[in-house]
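Chemist: please find the sequence and the predicted model below.
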Amino acid sequence: MSQKNNKSESATYWESHLESWEASAYFKEGQQKANWWDKLSTIFRGDAMYVRMQTALELIKPHIKGKTILDVGCASGRFAFQMLEAGAEKVQGIDISADAVSFANRRAKELNLQNQLVFSVLDIVQPNTPLPPADLVTALGVIEYFPTDDMRVFLSNLKTKYFLLDFPDYGRKKEFPTWILRQVYIRVNKLPGVYLYTLDEFEKIAKPFGFTNLRVIKKNKFFTTSPTCLNEKNLPASP
C-alpha cells in the first residue's frame, strides 16, 4: 500500500482536497470553496452526484429500517443524514477530512441527533483499522481511488458481509470526451489515481474476505457507467 507520512496516498490527497470537490459536486448549495478546476468539472458532471445519492438511497431503503449503517467516505454527512431519515437506527460516518467530519458532527449536534449520527476521522486503507460495528457498509465515490493493494486492506477491515458500493466500472474508459478530460483533471490536480475494475476483477479481490454473491445493478442513466455494486442477495430481510 502506497503511503506518505503514514497515510495512504488517496487519504493524503483527499484530506486537503475534499472540501473543494464537495463544493463543486453539490453545487446547488454554493461553490465558494471550490477551486477553478472543480468548478469547471461541474459543467460536465451536472447533477450526477445528487442523482447517484438518490439512486443509492432507493436501492437500500427497503433494507435499513432499524439497522446501523457505516458510511465510508461520508464527507460532510449528506448521505448519512438521508439514511437516518429513511429509517436507519444509527449511521456512523468515517472520512479522512477532519474539517468535513467536524462539520458533520456540528450539524448532528445542532439537530440533536448526535446519538444517532456519529462521524469520525479514519484512513480506511490502513491495515487493522478498527471500525465501528454495523449491519451494512455504504461507500459512494470511494473505492475508485483504491489501487488493488489498498482495496484488499479496505475489504479486510470491513466486519460486515453486507455492503453497497458505488462501483468503479471499467466501462467508463469508453466515455468520450469525459474520460480524457478526467485524465487531464487527475494530472493537473495531482490525484494519485483512479482505478477501474471489471466485476470479475473485483470479485477476485473481494472473495478472500468473505464477500460473495456480488451483483452490479445498473439503475438510472447516471449509473450506466457508474453502477452500484451491492451484495443484495445476502442483505437482511426488510421488516
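Modeler: On my side now, so go ahead.
Chemist: any idea how many residues pack against the closest residue in space to residue 66 that isn't next to it in sequence?
Modeler: Excluding its sequence neighbours, the residue lying closest to residue 66 (C-beta to C-beta, 6 or more residues apart in numbering) is residue 89, at 5.0 Å. Any C-beta I mention is one placed from the backbone N, CA and C, and that applies to glycine too. Neighbourhood size, residue 89 [other C-beta atoms under 10 Å]: 13.
Chemist: ok, residue 19 next?
Modeler: Number of residues near residue 19 (other C-beta under 10 Å) recorded here: 19.
Chemist: which residues does it contact?
Modeler: Residue 19 is in contact with 33, 97, 99-100, counting by C-beta atoms under 8 Å, 6 or more residues apart in numbering.
Chemist: next, the buried residues of the helix or strand hosting it.
Modeler: Element membership of residue 19, judged by DSSP states H and E, is helix 9-25. For helix 9-25, a neighbour-count test (16 or more other C-beta atoms under 10 Å) marks 9-15, 17-25 as buried.
Chemist: re earlier: now, which of the contacts of residue 19 sits nearest residue 128?
Modeler: Distance to residue 128 across the contacts of residue 19 (C-beta to C-beta) is lowest for residue 97, with 21.7 Å.
Chemist: do you know the pLDDT at the closest residue to the closest one other than its chain neighbours?
Modeler: For residue 97, ignoring the flanking residues on the chain, the nearest one in space by C-beta to C-beta, 6+ apart is residue 18 at 4.2 Å. At residue 18, the pLDDT value in this model is 89.
Chemist: again, but for residue 222
Modeler: 37.
Chemist: out of the helices and strands in this protein, which is least certain?
Modeler: strand 3-4 (a mean of 40; mean pLDDT, DSSP states H and E).
Chemist: mind listing what residue 60 touches?
Modeler: Applying C-beta under 8 Å, 6+ apart, the residues contacting residue 60 are 83, 86, 136, 138, 164, 230.
Chemist: against residue 168, how distant is it?
Modeler: 19 Å (C-beta to C-beta, to the nearest Å).
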